[in-house]
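Colleague: structure of the sequence below:
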Amino acid sequence: MKLLIESHRPQLYASLLVLLLILLNTGLNSSRIFERLDLMTYDLMYPFHAGEMSDEVVIVAVDNNSIEQLGRWPWSRREHARLVDRLTEMDAAAIGIDILFTEPQRDDPGADQAFAIALHQSNRVVLAAAPGIQQDGMITELLPLPELAINAAGIGHVDTELDKDGLCRRVFLYGGINDAHWPALALAMLQTAGKDPSLSLPSDFQENHPTDSNQSESWVRQKSMFIPFAARDQKPTIISWIDLVNGSVPGQLIRNKYILVGATATGLGDVLATPAAQDHERMPGVEVNAHILNALIQGKAIYSLTRTQHFLLSSALILISSVVILLLLPLRISLLSSAVMIGAALITTLTLLSFYQLWFSPVSTVITIAAIWPVWTMWQLNLNTSLRKKLLTQLQYQAQHHRATGMPNSGMLEDRLNQLTLKKAANQITGLMIIHFEWPGSASTTLGRPIGDLLLQSIGERLRSEVSENDFIAHLNGDDFAVLITQTNDKESIEDTAVALLKQLQQPIEVNGESLLLSPQIGVSVWSGDDNEDNQLLRNAYTAMFKSRIDDSEHLCIYSADIGQQLKIRSQLEQALIHALERDEFEIYYQPQILANSGQIIGTEALLRWNNPQLGSVSPEEFIPVAEHVGLIRPIGEWVMNNACKQLKAWQDEGLPPLRLAVNVSPLQFIDPDLGNAVKRIIQKTGIKPEDLELEITEGSLMWDMETAIKMMNQIKQQGIILAIDDFGTGYSSLSNLRHFPLDRLKIDKSFTQEIGTSSGSTEITLTILTIGKRLGMSVIAEGIETQEQATFLRNNGCDEFQGFMYSHPLPADKMTQLLRDGATIGINLKSAECESV
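Modeller: Residues are numbered from 1 along each chain as shown. Predicted coordinates:
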């Protein structure tokens, strides 16, 4: 029984914690202590739910222009009568006048009667009412004159709610002294037009909101509504008063529209700060009423949840968050899960606001959710001694064993190696194998964690079945295992064991009824006890394993000093290459391409060169494969293309002869889906023409995935860029495949060009390439031309363009510029001069 209670204690504490947090949230929400933060949250969410302004809402404004022409405000009520008559003639749906008429016009006794007649004849005008304060401090209603009120179609209040921060966000749809009997002005206008939206209003928002409960009479308000202001770029149609009465406003702007009349002139009328205003601007009261009217017309009024609804929703969010943070997810990521659940509460708030027009004040709930993890953590710090001991035991086991397989991990392997160093025996040889497994993806991502763990466990079982019981097996990380062989005096037996183990591991392995074929890479290091460094054996084994991984043809590698030196040099190359771009160590050389018949320079190929302060000049054959391996080939390739295009543009701006720029594209660049967009950006940025750029693609890039290659080439060709196949003849493309590619040019590889006349095979291949190019309508360029005999042979057999040392070595930009300035034709006699310039 005690054990049962002990096992359920975390759940009991969690349940108690949830109850306390719900009570805490209820208290915080009732106290409204975070009301300002709730309002700030509402304002932050405004852009996500702001809608459009209906074209049915029109404001007739008492603006500066109207005052200049009609005189000082207030105007005679005859002007109001004239406005109402004009709007009635233009068939407005309803007219709401956001102006108070509480006192008679004494300077023109007949003006009020004229206005009343206009109101009576229109029968669609709603006049404004508002709460006011008398001299004795009592609240009163500011109503229209009885003569005007009787003839108006309705009366609507223009009282709005100012929150604690002074911003207007809400309006009460009904208000009045001691009884909320006056609808809001916008609502009264809809009722006058016969489109009463009251049926769509929530029935449970009937609570009264008196302005001051200490007075015998108070302004009572009902049905609070958040004003869903339209987006900041959505303004109501505003017409000047003077333009309307003068007849310069088209009838379609008024017909069947809801017309609000109010003041927008500077210093006239009320102005309110709202969340929709920019740069601390204030919004005229009539425009605020326009937003209220717009919301009611579109049925997008926003209401706060009732207390019951708020309590149920906040309690549900706290309960779900507690379950997720404390029970479903590991405690080590509680901070992250807390952030996720806080985000969920805010997303819930935004969803209710945007899709259901309901406002849920989230701050007290968010703070309560944020308190879950700290409170739970404080309880954890008080765990009893037995739980701590149990946890320490588990942690010690986890620290020494891999989670998926339960096998000893790298820490235990290093401990075992340290023990061997201390207990080394004469003539005893120790062997260590590091085994890396490769398959499509990784065990934890591609196969999913359950199947991935089963696969790793099956690998561990196979290793155990294939080695001696005295050998130590460790699971180092997701895809790496180790086998430590100690009881042997024969180095050859360790190598034989590695070969036999490799054969067994290459056999299919069964997991959940499925056969999986793995690709193991084994690195072996042998230690005779002469080296006193504890981790030298481990480092050497890892070095050998890494060598086998980067050498695709080898699955087993025995460590030697040469291998270590090779990888050391490669590591230095990688480290230097990582910073080569930012240190501006790359330079582009240009090798001219000439017309075979005239020697005219028709193009140039951009060739990358790397000069490192420590490594010196590094050959592209050395650093390009490394760049591809470490993932730097894409940024380097874009750098080359961008700078070469800049140089081409500079030559064009100087007025030098037209030139085609050839840029090599790495196979890894070619399979990048963004290649077309990247090339397009570079062309637009540098200002060259697409037809001035030629991309050289290797055969291997095309044959890897023909469908994808054709799609990419068509995308590039649509931009007008020239495409050439580089090193043609060295790959596996056939004539049947080649005809499907939208190519413009074939480039004969220099390995064939340089053997013309000395190798019949190369000569025949060269002739075949020339024939293929002509049949497919492509031009052909030969690279690597070094002798007159090669040039003559190629020219006589229809080769279009030449490139090679016979005409020019690759030149830096300044030397290439000088060559172009000197003339657009290269002859044989230029060979020696250009060789010296390199």
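
Colleague: just to check, Thr497 is in contact with Leu484?
Modeller: No. Contact criterion C-beta atoms under 8 Å: Thr497 and Leu484 do not qualify, at 11.6 Å. Every C-beta, even on glycine, is put in place using the N, C-alpha and C of the backbone.

Colleague: shared neighbours of those two, anything?
Modeller: Counting by C-beta atoms under 8 Å, 6 or more residues apart in numbering, the shared contacts of Thr497 and Leu484 are 431, 433.

Colleague: in the stretch 701-838 of the chain, which spans are helices?
Modeller: 706-717, 735-738, 750-753, 760-775, 788-796, 813-822, 831-837 (DSSP state H, counting those that start in this stretch).

Colleague: for stretch 368-379, what is the average pLDDT?
Modeller: What stretch 368-379 shows for mean pLDDT is 84.

Colleague: any low-confidence regions in the stretch 551-700 of the chain?
Modeller: Low-confidence segments of the stretch 551-700 of the chain, defined by pLDDT under 70, span residues 552-554.

Colleague: how about the helices in it?
Modeller: Taking DSSP H, counting those that start in this stretch to define them, one finds helices in the stretch 551-700 of the chain at 561-578, 620-630, 633-654, 667-670, 675-686, 699-704.

Colleague: would JSON lines of those with mean neighbour count be doable?
Modeller: Output for these, formatted as JSON lines (neighbours: other C-beta atoms under 10 Å):
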{"stretch": "helix 561-578", "mean neighbour count": "14"}
{"stretch": "helix 620-630", "mean neighbour count": "16"}
{"stretch": "helix 633-654", "mean neighbour count": "18"}
{"stretch": "helix 667-670", "mean neighbour count": "19"}
{"stretch": "helix 675-686", "mean neighbour count": "16"}
{"stretch": "helix 699-704", "mean neighbour count": "18"}
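
Colleague: which one, of the ones you listed, ends up nearest to Leu293?
Modeller: Leu293 lies closest, by C-beta to C-beta, to one member of the helices of the stretch 551-700 of the chain: helix 675-686, at 46.9 Å.

Colleague: returning to what we had before: and the helices of the stretch 551-700 of the chain: which comes nearest Glu786?
Modeller: Across these, closest to Glu786 is helix 620-630 (C-beta to C-beta), at 18.5 Å.

Colleague: state the distance from the most centrally placed residue in the chain to Arg36.
Modeller: The centre of the chain sits closest to Asp674, judged by C-alpha atoms, centre = their mean, with a distance of 15.8 Å. As judged by C-beta to C-beta, to the nearest Å, Asp674 and Arg36 stand 46 Å apart.

Colleague: can you check Gly267 too?
Modeller: Distance from Gly267 to Arg36, counting by C-beta to C-beta: 30 Å.

Colleague: more neighbours: these two, which one.
Modeller: Between Gly267 and Arg36, counting by other C-beta atoms under 10 Å, Arg36 is the more crowded of the two (13 against 8).

Colleague: still on that earlier bit, so which of the helices of the stretch 701-838 of the chain is nearest Gln134?
Modeller: It is, among these and with distance given as C-beta to C-beta, helix 706-717, at 77.9 Å.

Colleague: now do the closest one: distance to the chain's middle.
Modeller: How far helix 706-717 lies from its chain's middle: 27 Å, per C-alpha atoms, centre = their mean, to the nearest Å.

Colleague: quick one: average pLDDT of stretch 165-178?
Modeller: So the average pLDDT for stretch 165-178 ends up being 91.

Colleague: name the residues of it that are buried.
Modeller: 167-177 (16 or more other C-beta atoms under 10 Å).

Colleague: give me the below-cutoff pLDDT ranges for the stretch 1-150 of the chain.
Modeller: Looking at the stretch 1-150 of the chain by pLDDT under 70, you get 1-10.

Colleague: break down it into its helices, ranges please.
Modeller: 2-31, 35-49, 64-70, 77-89, 109-122, 146-151.

Colleague: closest one to Glu755 among those helices?
Modeller: Closest among the helices of the stretch 1-150 of the chain, using C-beta to C-beta: helix 35-49, at 69.5 Å.

Colleague: report the distance from the lengthiest strand in the chain to the chain centre.
Modeller: In the chain, taking DSSP state E as the definition, the longest strand is strand 601-612. Per C-alpha atoms, centre = their mean, the displacement of strand 601-612 from the mean C-alpha position of its chain is 36 Å.

Colleague: can you mark which positions in that strand are buried?
Modeller: Of all the residues in strand 601-612, those buried under the rule 16+ other C-beta under 10 Å are 601-608, 610, 612.

Colleague: do stretch 238-258 as well
Modeller: Neighbour-count burial for stretch 238-258 [16+ other C-beta under 10 Å]: 238-245, 249, 254, 257-258.

Colleague: if we can go back for a sec, take the buried residues of stretch 165-178 and write them to CSV, including secondary structure.
Modeller: Putting the buried residues of stretch 165-178 into CSV (DSSP: H, G, I helix; E, B strand; the rest coil) gives the following:
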residue, secondary structure
Leu167, coil
Cys168, strand
Arg169, strand
Arg170, strand
Val171, strand
Phe172, strand
Leu173, strand
Tyr174, strand
Gly175, strand
Gly176, strand
Ile177, strand
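
Colleague: tell me which two of these sit farthest apart.
Modeller: By the measure C-beta to C-beta, Leu167 and Ile177 form the most distant pair in the buried residues of stretch 165-178, at 26.1 Å.

Colleague: and the angle for the host helix or strand of Arg221 with helix 35-49?
Modeller: In this structure, Arg221 sits in strand 219-226 according to DSSP states H and E. With axes from the mean of the first three to the mean of the last three C-alpha atoms, to 10 degrees defining the directions, strand 219-226 sits at 50 degrees from helix 35-49.

Colleague: next structured bit after strand 219-226?
Modeller: Next along the chain after strand 219-226, taking DSSP H and E as the criterion, comes strand 237-240.

Colleague: Arg36 contacts Asp43, doesn't it?
Modeller: No. Applying C-beta under 8 Å as the test, Arg36 and Asp43 come out as separate, 10.6 Å apart.

Colleague: of the buried residues of strand 601-612, closest to His401?
Modeller: Checking the buried residues of strand 601-612 against His401 by C-beta to C-beta gives Asn612 as the nearest, at 44.5 Å.

Colleague: ok, now which ones touch Ile369?
Modeller: Neighbouring residues of Ile369 by C-beta under 8 Å, 6+ apart: 317-318, 321, 338, 341-342, 345.

Colleague: redo the residues you listed as a markdown table? Include secondary structure and distance to Trp651.
Modeller: Shown next, in a markdown table, are the contacts of Ile369 (DSSP: H, G, I helix; E, B strand; the rest coil; distance: C-beta to C-beta, whole Å):
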| residue | secondary structure | distance to Trp651 |
| --- | --- | --- |
| Leu317 | helix | 66 |
| Ile318 | helix | 69 |
| Ser321 | helix | 65 |
| Ser338 | helix | 60 |
| Met341 | helix | 61 |
| Ile342 | helix | 58 |
| Ala345 | helix | 61 |
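
Colleague: mind putting the residues you listed into TSV with neighbour count and pLDDT?
Modeller: Formatted as TSV, the contacts of Ile369 follow (neighbours: other C-beta atoms under 10 Å; pLDDT from 0 to 100):
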residue	neighbour count	pLDDT
Leu317	23	94
Ile318	24	92
Ser321	26	90
Ser338	21	90
Met341	24	92
Ile342	19	93
Ala345	23	94
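
Colleague: out of those residues, who's nearest Gly156?
Modeller: Looking across those and measuring by C-beta to C-beta, the closest to Gly156 is Ala345, at 37.2 Å.

Colleague: so the residue located most distally from the centre of the chain versus Asp38, what's the distance?
Modeller: Relative to the centre of the chain, the most outlying C-alpha is that of Pro109, 69.2 Å out, by C-alpha atoms, centre = their mean. Going from Pro109 to Asp38 by C-beta to C-beta gives 52 Å.

Colleague: could the helices of the stretch 551-700 of the chain go into JSON lines alongside distance to Ala399?
Modeller: Shown next, in JSON lines, are the helices of the stretch 551-700 of the chain (distance: least, C-beta to C-beta, whole Å):
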{"stretch": "helix 561-578", "distance to Ala399": "30"}
{"stretch": "helix 620-630", "distance to Ala399": "32"}
{"stretch": "helix 633-654", "distance to Ala399": "40"}
{"stretch": "helix 667-670", "distance to Ala399": "40"}
{"stretch": "helix 675-686", "distance to Ala399": "46"}
{"stretch": "helix 699-704", "distance to Ala399": "44"}
